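> Sequence plus the predicted model coming up.
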Amino acid sequence: MLALWPAVRLAPGPHLPVPARYAFAMSARFSAAAGATADTAAVGALSRSLGQIVLQAHAGTGACLLAALALTDRRLAFAALLGAAAANVCAVVAGHAEAAIRDGLAGYNGALAALAAFTFVGDAGTAAALALIAGGASAWLAGPLNRRLARARLGLYSVPCLIATWIWLPLHPGSAPVASAIAAAPLAPHGTPLAAAAHAAAGVLSGLAQTTFASGAVAGLCVLAGLAWSSRRAAAYALGGAALASALELACGASPDAFTAGLAGFNGALAALAVCALGTRATICATMLAAALHLAAVRCGLPALTAPFVLASWSVHAAARRLRARTASSTPSEESIVR
């Protein structure tokens, strides 16, 4: 339609004089451009909402995560978009900052809540209804929770999604807790060392995939590619976190099936992403703590979801702040050194 406007402007007719038609054509162009810009901004916000699931405000990361979900189940890809859209709309109504919506901070909890609904509810209609309600509720919860956590200098992470999901999860008779089975059975042999290495790599990649409720090594490769697109350092830490958490949980009795499905590694991967800015030692501590908390939740039969990653990240960040404060208070001032 825009390509026709120059021809209309150059061919005056009886309906409008040339200046009026020129002004009308220019206003139509500006309206179309504004609409295209708004559509682009909305798509970018949705993509970054998916990227924020793995703590990356990057549209390319979100696109790779959407591909990982589609490879697992098209319903999951639909759920992520539905939940993110519902959360973003509610965030606009609730008056969240425009920058937070643009960077995906207002939508990722909605996407996670919708993914949880479609993962644990078999009926598509019920799952969609829960996705919309939980996704929107996560946006309303995020505002007050973020303010309170900010005063304690703690990250919001996936807390709104956890609250919204824990409310309905016990009430749905068909839902099963997200917890890997714990067993004392040893790992089954996989023949050659090459086959064992391939199995181990597939399990670690599945742990990356489970950060988005996806599954499988191919989906994990998509998540890894999305992380590398945003930050190769973040991709390396996430992969290392998934590997360390998986190894620790296996050593402590997690079932081989849980490792293969990626349930033993996703909390460790998220914890590593959350604290990697503090350095390697802090990342290792957070990963091991997340794995230990996940194992404890599994043994108690609790639907932990991503709570172990949240608690581990909070603990390590708080410990790092206390350590820095103690170091600063024990360091003598320059004036005292001179004297």
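Everything's here; your move.
> sec struct for Leu227, please.
Put simply, Leu227 is helix when judged by DSSP: H, G, I helix; E, B strand; the rest coil.
> Touching, it and Gln56? I think so.
Yes. Counting by C-beta atoms under 8 Å, Gln56 is a contact partner of Leu227 at 6.5 Å. (C-beta placed from N, C-alpha, C; glycine too.)
> Now list whatever residues contact both of these two.
Common neighbours of Leu227 and Gln56, using C-beta atoms under 8 Å, 6 or more residues apart in numbering, are Ala234.
> Looking at these two, which one has more neighbours?
The neighbour count for Leu227 versus Gln56, taken as other C-beta atoms under 10 Å, is higher for Leu227 (29 against 26).
> where are the low-confidence patches of the stretch 1-150 of the chain?
1-39 (pLDDT under 70).
> again, only this time at 90
Applying pLDDT under 90 to the stretch 1-150 of the chain flags residues 1-44, 122-123.
> can you pull out the helices in the stretch 201-339 of the chain?
For the stretch 201-339 of the chain, applying DSSP state H, counting those that start in this stretch gives helices covering 217-230, 232-251, 256-261, 266-275, 280-299, 307-330, 334-338.
> Distance to Ala41 and mean pLDDT added to the ones you listed, as a markdown table?
Below are those laid out as a markdown table (distance: least, C-beta to C-beta, whole Å; pLDDT from 0 to 100):
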| stretch | distance to Ala41 | mean pLDDT |
| --- | --- | --- |
| helix 217-230 | 19 | 97 |
| helix 232-251 | 25 | 96 |
| helix 256-261 | 37 | 90 |
| helix 266-275 | 26 | 97 |
| helix 280-299 | 34 | 96 |
| helix 307-330 | 30 | 92 |
| helix 334-338 | 49 | 45 |
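> so which of the ones you listed gets nearest Gly135?
Nearest of the helices of the stretch 201-339 of the chain to Gly135, taken as C-beta to C-beta: helix 307-330 at 18.7 Å.
> quick one: the closest one to helix 232-251, angle?
110 degrees (axes from the mean of the first three to the mean of the last three C-alpha atoms, to 10 degrees).
> Out of the helices of the stretch 201-339 of the chain, which is the most enclosed?
Highest mean neighbour count among the helices of the stretch 201-339 of the chain (mean count of other C-beta atoms under 10 Å): helix 266-275, with a mean of 32.
> who's in contact with that helix?
By C-beta under 8 Å, 6+ apart, the list of residues contacting helix 266-275 reads 54-55, 155, 157, 207-211, 227, 234, 237-242, 244-246, 248, 282-283, 286-291, 293-294, 304, 306, 308-309, 312-313, 316-317, 320.
> okay, the angle between it and helix 280-299?
150 degrees.
> Output the helices of the stretch 201-339 of the chain as JSON lines; include the columns distance to Gly62.
Below are the helices of the stretch 201-339 of the chain laid out as JSON lines (distance: least, C-beta to C-beta, whole Å):
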{"stretch": "helix 217-230", "distance to Gly62": "7"}
{"stretch": "helix 232-251", "distance to Gly62": "14"}
{"stretch": "helix 256-261", "distance to Gly62": "24"}
{"stretch": "helix 266-275", "distance to Gly62": "15"}
{"stretch": "helix 280-299", "distance to Gly62": "23"}
{"stretch": "helix 307-330", "distance to Gly62": "19"}
{"stretch": "helix 334-338", "distance to Gly62": "47"}
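> nearest to Gly107, of those helices?
helix 217-230 (16.2 Å).
> Tell me which other helices or strands the closest one touches.
Helix 217-230 sits against helix 59-72, helix 193-209, helix 232-251, with contacts defined as 3 or more C-beta pairs under 8 Å, 6 or more residues apart in numbering; DSSP states H and E.
> With distance to Ala134 as added columns, please give the ones you listed in TSV.
Converted to TSV, the helices and strands packed on helix 217-230 look like this (distance: least, C-beta to C-beta, whole Å):
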stretch	distance to Ala134
helix 59-72	17
helix 193-209	22
helix 232-251	26
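> Quick check: which of those helices is nearest to Ser49?
helix 59-72 (6.7 Å).
> Which SSE is immediately downstream of that closest one?
helix 74-94 (DSSP states H and E).
> distance between that following helix and the chain's centre?
Averaging C-alpha positions (C-alpha atoms, centre = their mean, to the nearest Å) puts helix 74-94 13 Å from its chain's average.
> and that helix, what does it pack onto?
Right, helix 74-94 is packed against helix 18-51, helix 59-72, helix 98-102, helix 108-120, helix 124-151 by 3+ C-beta pairs under 8 Å, 6+ apart.
> Of all the residues in that helix, which ones are buried?
75-91 (16 or more other C-beta atoms under 10 Å).
> Near Leu162, how many residues? Count them for me, please.
Neighbours of Leu162 using other C-beta under 10 Å come to 23.
> quick one: the helix or strand where it lies to helix 307-330, angle?
Assigned by DSSP H and E, Leu162 belongs to helix 159-168. On the basis of the same axes, to 10 degrees, helix 159-168 is oriented at 140 degrees to helix 307-330.
> got a list of what Ala235 touches?
224, 227-228.
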